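*Asks:* I'll drop the sequence and a predicted model, then ask my questions.
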Amino acid sequence: MNTMQWIPFLTLLEKEIKRFVRVARQTLLIPIVNSGLYLFIFGVNLGDKIALNGVEHYLAFLIPGILMMGCLNNAFQNSSSSIGSSRFHGDLEDLRVVPLSPIQIALAMSIGGLARGAAVAVLIFLMGEVFYWYTLGDYLTIQHPIYLAYFIVTGGLVFSALGIAVGFWAKNFDQMSAVGGFILLPLIYLGGVFFSIEQLHPIWQTISRINPMLYFINGVRYGVVGHSDVDIGVALIFTFATTIFLYWLAVRSIRNGLYARW
């Protein structure tokens with residue numbers, strides 16, 4: 001990408017970021033309120049009644065899971081809603097004439113989704129610190145910041161890329177909502193946000209290990225508290241491979257979708 005190509009790339013990226021910043025009450029405040037309810041109800045009120053191996057308090061186990069859930073969900077919503085609204089208003093066809101390849105378009109939109117997901121993740125972590133201090137009189141220290149950053153970046157990029165693919169596949173907003181509500185959200189919940197798979201029957205542990213969300217969520221948990229239900233090396237490899245595959249799928253969707261007749 002030469003110097004002149006950076007201008008349309010950065011312009012598209014700026015557009016994706018401004019989209020969710022302009023409606024911050026919907027894109028940032030609502031996820032924070034929902035996450036705060038999870039932390040208060042499960043972490044603060046029920047935390048003393050739940051014991052897990054490898055963590056001092058259930059709230060320390062819950063905060064990374066809620067953090068990653070917010071990141072993944074919002075990254076997906078940002079890119080999928082961007083494609084959906086652009087198709088509805090006819091703006092998506094403008095991408096046909098910009099001097100950007102499908103690879104560059106996918107990257108700009110994926111980073112935009114990552115920006116929203118990471119912003120939500122940071123806000124949730126700060127709120128979690130408040131709950132942690134209120135409950136235990138101490139602050140939750142990040143054990144492995146590099147691992148934490150890696151899994152947040154890869155998770156945000158993966159779900160942003162998936163949102164691009166779903167945005168081009170879906171014929172309307174109902175189909176996009178169905179994918180998020182009936183497929184992605186259950187996978188996130190069953191990926192170990194609220195519980196450790198060590199508490200499950202061995203058969204269900206095996207099934208859970210097929211769920212890719214398990215590796216993203218436990219990777220973030222390892223970065224924060226140093227505990228994971230899966231081998232962190234396996235999580236690194238699996239999440240990297242998933243990132244490559246979903247980015248390829250997003251590029252393919254853009255290449256096929258931009259020049260299709262709707």
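*Replies:* Yep, it's here. Since we're looking at a predicted model, the values are computed, not measured.

*Asks:* helix/strand/coil for Asp229?
*Replies:* Secondary structure assignment for Asp229 (DSSP: H, G, I helix; E, B strand; the rest coil): coil.

*Asks:* surely it and Gly192 touch.
*Replies:* Yes: Asp229 is in contact with Gly192 according to CB atoms under 8 Å; the separation is 6.1 Å. In short, each C-beta sits where N, CA and C put it, glycine included.

*Asks:* quick one: common contacting residues for those two?
*Replies:* Counting by CB atoms under 8 Å, 6 or more residues apart in numbering, the shared contacts of Asp229 and Gly192 are 214, 218.

*Asks:* helix or strand: which one has Thr206?
*Replies:* helix 202-208 (DSSP states H and E).

*Asks:* buried residues in that helix?
*Replies:* Buried positions in helix 202-208, judged by neighbour count with 16 or more other CB atoms under 10 Å: Ser208.

*Asks:* just give me how far stretch 194-203 sits from the chain centre.
*Replies:* Per CA atoms, centre = their mean, to the nearest Å, the displacement of stretch 194-203 from the mean C-alpha position of its chain is 22 Å.

*Asks:* gap between the two ends of that stretch?
*Replies:* Counting by CA to CA, to the nearest Å, you get 19 Å between the two ends of stretch 194-203.

*Asks:* show me what counts as buried in it.
*Replies:* Judged by neighbour count using 16+ other CB under 10 Å, the buried positions of stretch 194-203 are 194-197.

*Asks:* let me have those residues in CSV, extended by pLDDT and distance to Leu114.
*Replies:* Rendered in CSV, the data for those read as follows (pLDDT from 0 to 100; distance: CB to CB, whole Å):
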residue, pLDDT, distance to Leu114
Phe194, 89, 24
Phe195, 86, 27
Ser196, 86, 27
Ile197, 84, 27
